[in-house]
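Enquirer: Next one to model:
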Amino acid sequence: MGKELFLRVIVQSNSRDAHYLDERIESFLVQYRETLAAMTAEELQTNITACVDQLREKPKNLDVEAARLWEEVESGLYLFTRKAQKAEYLLGGADGAGLGLGEVLEFFDTYLNANSARRTKFCSEFYGDGRKYPARSTPHPAGTVVVNDPAAFKRSMDLKAILSVDLDMV
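Expert: Sure thing, here's the model as predicted:
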């Protein structure tokens, strides 16, 4: 498989339905875009430095290190230097240019903005035993495919797509 980037947001509530939570996630993304646009270069650099420090942090114990290595084995990518490569990229890699606010905003607008043609969203909603699936108050956006039978949905996909879907959804 090629490089796959994703953002996973997991929320749950015992008082609000999944449609409401999905709307709140979308609202958060809109607000976060505004926060990014208002960020100064110094604030961005502070965040990048914190991320690099976290990536370079030594594992707390052998279990943490073993889990990280097994993730690479299970993914089949075997990129055991992933953390070091991420840190190098954030710091600017070989060219030393560094990650700029323009690049962050461009990435956000391309892959996370709800109006982007390149955005793909997969939303799975689970309801507890005895809870009825509620009627949706707003229509689904154009191009939405509602999957009521996850097993049939997975059978209809090609092998690469099946491997990409989080298998916990069934």
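Enquirer: From now on I want contacts and neighbour counts done on CA atoms only, so please keep to that.
Expert: Noted.
Enquirer: quick one: the residue of the chain most remote from its centre and K86, what's the gap?
Expert: Distance from the C-alpha centroid of the chain peaks at G130, with 30.2 Å (CA atoms, centre = their mean). G130 sits 45 Å away from K86, going by CA to CA, to the nearest Å.
Enquirer: What of R56?
Expert: 10 Å.
Enquirer: Compare those two and say which one has the larger neighbour count.
Expert: K86 (16 against 13; other CA atoms under 10 Å).
Enquirer: other SSEs contacting whichever strand or helix holds the more buried one?
Expert: Applying DSSP states H and E as the criterion places K86 in helix 82-91. In this structure, helix 82-91 packs against helix 41-56, with contacts taken as 3 or more CA pairs under 8 Å, 6 or more residues apart in numbering; DSSP states H and E.
Enquirer: report the angle between the axes of the helix it packs on and helix 82-91?
Expert: Here helix 41-56 points in a direction 170 degrees away from that of helix 82-91 (axes from the mean of the first three to the mean of the last three CA atoms, to 10 degrees).
Enquirer: which regions of the chain lie under the pLDDT threshold?
Expert: Residue ranges of the chain with pLDDT under 70: 1-5, 93-97, 133-134, 136-138, 141, 157-170.
Enquirer: cutoff 80 now
Expert: For the chain, the stretches flagged by pLDDT under 80 are 1-6, 17-19, 93-99, 124-145, 150, 153-170.
Enquirer: Return the set of buried residues in the helix or strand containing L29.
Expert: Per DSSP H and E: L29 is located in helix 18-38. Applying a neighbour-count criterion of 16 or more other CA atoms under 10 Å, one finds 18-19, 21-22, 29, 33, 36 buried in helix 18-38.
Enquirer: Just the element for L69, please.
Expert: helix 62-75.
Enquirer: K121 too?
Expert: Going by DSSP H and E, K121 is not in any helix or strand.
Enquirer: Straight-line length of stretch 48-64, end to end?
Expert: Per CA to CA, the first residue of stretch 48-64 is 23 Å away from its last.
Enquirer: mind checking how far that stretch is from the chain centre?
Expert: Distance of stretch 48-64 from its chain centroid, counting by CA atoms, centre = their mean, to the nearest Å, is 20 Å.
Enquirer: And for stretch 75-87?
Expert: Distance, centroid of stretch 75-87 to centroid of chain: 17 Å (CA atoms, centre = their mean).
Enquirer: Now do that stretch: everything it contacts.
Expert: 51-52, 55-56, 69, 72 (CA atoms under 8 Å, 6 or more residues apart in numbering).
Enquirer: With stretch 30-42 instead?
Expert: If you take CA under 8 Å, 6+ apart as the criterion, stretch 30-42 is touched by 100-101, 105, 108, 113.
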